[in-house]
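# task: produce atomic coordinates for the following.
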Amino acid sequence: MTAAAHALDIQGHRGARGRAPENTLPAFARALGIGVTTLELDCAITKDGVVVVSHDPALNPDITRGTDGKWLEKTGPAIWSLTFKELQRYDVGRLDPANAYAKRWPEQRPADGTRIPRLADLFALVKKSGNETVRFNIETKISPLEPAQTTSPEDFVHKLISAVRSAGMDQRTAIQSFDWRTLQVVQKEAPEIPTVYLTVEKGFMDSIQADQRSSPWTAGFHVSRYGGSIPRMVRAAGGAVWSPYYAETTRNQVKEAQSFGLKVVVWTVNEPADMRRMIEWGVDGIISDYPDRLRQTAGELGAPLPHPTSVVP
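Have a look, this model is predicted:
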């Protein structure tokens, strides 16, 4: 057994995006069959208040077909503008082969006829599987830059927590977000649910905005007031987990965060060499589109592995 052989949180990103249509019951069933410790997923809220599993606040033409069987030609309506019944008209079981996005996932197996599920449907699938230990890492898909696309942070969190508690899954759930406003609400309304502070520092997704005086993403906190240390800022915000983009993360940051009592879960790691490096650095968890690759790599380093659970969605 190697020095890196610690208990690793193996998280299937959007279920298992590399293997099955993202954020669908077939993807979560695939992840359970591979054997993960955590199902990572994203949530949105419908017009009639139903918590559904979707990465995109609006229907994504890369993965969505209408009632006519044709791919959406552009971004579709916001989920917040549709009732759950209306949302069920759309098929999200296959990638549009004409779009560049499809080329990123050549091994994804389609599941035609698949609809965007309710969070309750995922909980029911896991209960059906008999898996009593797998956890849920649920992201609130909300942006301070596009307030009209979703309900308010407070209402979003209230509905999400209600769905989690109604299923009796609050002890198995963490809530993550780039929009830290929602995490502050979680900490007030549901202190039993750990909060996961997502960060990214470069490009159009930059949520930290260290070169600015403030960031709309970080709920009034700013890295400049914490000596430039993101882990210090996450600790001050009350987080249980820091979840940075793996390619921006250093070994020293991992150790610093852990010295503050934070867990470190990196996203989204798909190549075995990168997985191996992260495990050897001692991260607490890894989110991957290919949980099968992650299991193999973790196993090779001597990490204990969760048991697979077969279930038909």
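# where does pLDDT dip in the protein?
1-5 (pLDDT under 70).
# where do the helices sit along it?
25-34, 84-87, 100-103, 119-129, 153-166, 180-189, 230-237, 251-259, 272-281, 291-300 (DSSP state H).
# with distance to residue 217 as added columns, please give those helices in a markdown table.
Placement of C-beta: from N, CA and C, glycine included. Shown next, in a markdown table, are those (distance: least, Cβ to Cβ, whole Å):
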| stretch | distance to residue 217 |
| --- | --- |
| helix 25-34 | 27 |
| helix 84-87 | 27 |
| helix 100-103 | 24 |
| helix 119-129 | 23 |
| helix 153-166 | 12 |
| helix 180-189 | 6 |
| helix 230-237 | 12 |
| helix 251-259 | 19 |
| helix 272-281 | 24 |
| helix 291-300 | 27 |
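# what is the neighbour count of the closest residue to residue 290 other than its chain neighbours?
The shortest distance from residue 290 to any non-neighbouring residue, by Cβ to Cβ, 6 or more residues apart in numbering, is to residue 18 (4.3 Å). Residue 18 has 25 neighbours, counted by other Cβ atoms under 10 Å.
# residue 18 contacts residue 289, correct?
Yes - counting by Cβ atoms under 8 Å, residue 289 is a contact partner of residue 18 at 3.9 Å.
# okay, and the common contacts of those two?
105, 270 (Cβ atoms under 8 Å, 6 or more residues apart in numbering).
# in contact with the residue nearest to residue 206 when sequence neighbours are not counted, which residues?
Among residues not flanking residue 206 along the chain, residue 200 sits closest, at 6.2 Å (Cβ to Cβ, 6+ apart). Neighbouring residues of residue 200 by Cβ under 8 Å, 6+ apart: 178, 206, 207, 208, 244, 245, 248.
# from those residues, which would you call buried?
178, 207, 208, 244, 245 (16 or more other Cβ atoms under 10 Å).
# could you dump these to TSV with distance to residue 297?
Converted to TSV, those look like this (distance: Cβ to Cβ, whole Å):
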residue	distance to residue 297
178	27
207	28
208	29
244	19
245	19
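# between these, which is nearest residue 92?
Closest to residue 92 out of those is residue 178 (22.4 Å), distances taken as Cβ to Cβ.
# would you confirm that that closest one contacts residue 199?
Yes - contact criterion Cβ under 8 Å: residue 178 and residue 199 qualify, at 7.4 Å.
# quickly list what's touching both of these two.
residue 207.
# please give me every residue in contact with residue 157.
Residue 157 touches 140, 175, 182, 185, 186, 189, counting by Cβ under 8 Å, 6+ apart.
# what about the closest residue to residue 27 other than its chain neighbours, how many neighbours?
Setting aside the residues directly before and after it, residue 27 is nearest to residue 15 in space (Cβ to Cβ, 6+ apart), at 2.8 Å. By other Cβ under 10 Å, 29 other residues sit near residue 15.
# and residue 15, how close does it get to residue 125?
Noted for residue 15: a distance of 10 Å to residue 125, by Cβ to Cβ, to the nearest Å.
# please apply the same query to residue 309.
According to Cβ to Cβ, residue 309 stands 10 Å off from residue 125.
# any common contacting residues for these two?
Contacts common to residue 309 and residue 125, judged by Cβ under 8 Å, 6+ apart, are residue 32.
# for burial, what's the neighbour tally of residue 285?
24.
# what residues does the closest residue to it other than its chain neighbours make contact with?
Spatial nearest neighbour of residue 285, excluding adjacent residues (Cβ to Cβ, 6+ apart): residue 9 at 3.0 Å. Residues counted as contacts of residue 9 (Cβ under 8 Å, 6+ apart) are 37, 38, 135, 263, 265, 284, 285, 286.
# pick the one among these closest to residue 71.
residue 38 (31.6 Å).
# okay, and the beta partners of that closest one?
As for beta bridges, residue 38 partners with residue 11, residue 135 under DSSP bridges.
# does it touch residue 133 like I think?
No - at 10.0 Å, residue 38 does not count as touching residue 133 under the criterion of Cβ under 8 Å.
# higher neighbour count, those two?
Neighbour totals were compared for residue 38 and residue 133, and residue 38 leads with 24 against 11 (other Cβ under 10 Å).
# check contacts around the closest residue to residue 47 other than its chain neighbours.
Leaving aside its sequence neighbours, residue 47 sits nearest to residue 83 (Cβ to Cβ, 6+ apart; 5.0 Å). The contact partners of residue 83, by Cβ under 8 Å, 6+ apart, come to 46, 47, 48, 50.
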